[in-house]
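J.: Provided below for reference: sequence and predicted model.
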Amino acid sequence: MKDEKVIKSPDTQRKERVPPGQRITEKFPVLHAGKTQYIYIPEWKFRISGLVEKERELSYEEFMSLPQVKVFSDFHCVTGWSKLDNLWEGVSTGTVKELANILPEAKFVIVHAAGGFTTNLSLADFFEPDVLFAVRHNNELLTPEHGYPLRLVVPGLYSWKSAKWVEGIEFLKDDKPGFWESRGYHNHGDPWKEERYGGKLNLVLKRPEFFIGGAILILAVIIVVRPELLNKLMPAIFILILSLALWSVILKNCIKVNLL
């Protein structure tokens, strides 16, 4: 991108732009839980609430009249695909910050979206210069499948954090897990650290090959130390290896539950 008016996400300047465990796609898959939300614009409102001096509510026309920016960034899905070279247009979270008059005790934000979806972010992540409320993608108005009329875009985190169908933001003192974060997804979601899932589940789900290798190592030790046990344990070890291998395939190719 040569346009100096375009904000370039820092990750687009990396020598290697694809995070570990990801693969590039030229398509823009449509994945989300439940049905697509179709928003009736005359009734749509953007609400600013929580720890602010005064709560505000903007109509679609008022929101669209705010200064807009363009952001050039990559987009990383937790299910394993990455779409590079995206151009987003919309309202910077920094502009929204100027409207909000946030109280000093606020440390986190919850983004509210149609369909009961929410996602949580620290203020540091939320106010990164490349984060915006997008209304266009690659010079075209967003479609309902991709979040029309308004989608949060957080380039530095996995894309479930880039909530579709946004209706408002709420500033909080304490962190509160969002829709996917309360269902096992990682609370932060850094793709460069593979923060796909929360706690120990993260290791099991994102790297099942570690456990396949462990099972093979155990088998090798048994062969050397107690070969007489091999026949008894072989069926169980075989089933374990097969199950983990199958889960690895499912994880990388078949999981379609994601707020994208």
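T.: Noted; the coordinates are in hand. Numbers count the residues shown, from 1 in each chain.
J.: drop to CA atoms for contacts and neighbour counts, all remaining ones
T.: Will do.
J.: Go ahead and report the secondary structure state at the residue of the chain most remote from its centre.
T.: In the chain, the residue that sits farthest from the middle, by CA atoms, centre = their mean, is E228; the gap is 49.4 Å. For E228, the assignment made with DSSP: H, G, I helix; E, B strand; the rest coil gives helix.
J.: Would you mind measuring from it to A236?
T.: Computed as CA to CA, to the nearest Å, the E228 to A236 distance reads 15 Å.
J.: picking that back up, residues contacting the residue farthest from the centre of the chain?
T.: Contacts for E228 (CA atoms under 8 Å, 6 or more residues apart in numbering) come out as none.
J.: Got the confidence number for it?
T.: For E228, the model assigns a pLDDT of 73.
J.: What segments of the stretch 151-260 of the chain are strands?
T.: 151-153, 166-172 (DSSP state E, counting those that start in this stretch).
J.: deepest of those strands, which one?
T.: Stretch with highest mean neighbour count among the strands of the stretch 151-260 of the chain: strand 151-153 (a mean of 26; mean count of other CA atoms under 10 Å).
J.: partners of it, with directions?
T.: In the sheet, strand 151-153 lines up against strand 132-137 (antiparallel) (DSSP bridges).
J.: who touches the strand it pairs with?
T.: The contact list for strand 132-137, computed with CA under 8 Å, 6+ apart, reads 71, 86-93, 141-142, 148-154.
J.: Endpoints of stretch 129-147, how far apart?
T.: Counting by CA to CA, the terminal residues of stretch 129-147 are separated by 21 Å.
J.: mind checking how far it is from the chain centre?
T.: Remark: stretch 129-147 is offset 15 Å from the chain centroid, using CA atoms, centre = their mean, to the nearest Å.
J.: do the same with stretch 48-56
T.: Stretch 48-56 sits 25 Å away from the centroid of its parent chain (CA atoms, centre = their mean).
J.: how about that stretch: buried residues?
T.: Buried residues in stretch 48-56, defined by neighbour count with 16 or more other CA atoms under 10 Å: 48-52.
J.: Am I right that T93 is in contact with F127?
T.: Yes - taking CA atoms under 8 Å as the definition, T93 is a contact partner of F127 at 5.8 Å.
J.: Next, work out how far apart G116 and V166 are.
T.: Counting by CA to CA - G116 and V166 are separated by 10 Å.
J.: no, scratch that, I was asking about A236
T.: Counting by CA to CA, the gap from A236 to V166 is 48 Å.
J.: Then R151?
T.: Shown here: R151 relative to V166, a distance of 6 Å by CA to CA.
J.: picking up where we left off before, of the buried residues of stretch 48-56, closest to F63?
T.: I48 (11.7 Å; CA to CA).
J.: Sweet, I'm off.
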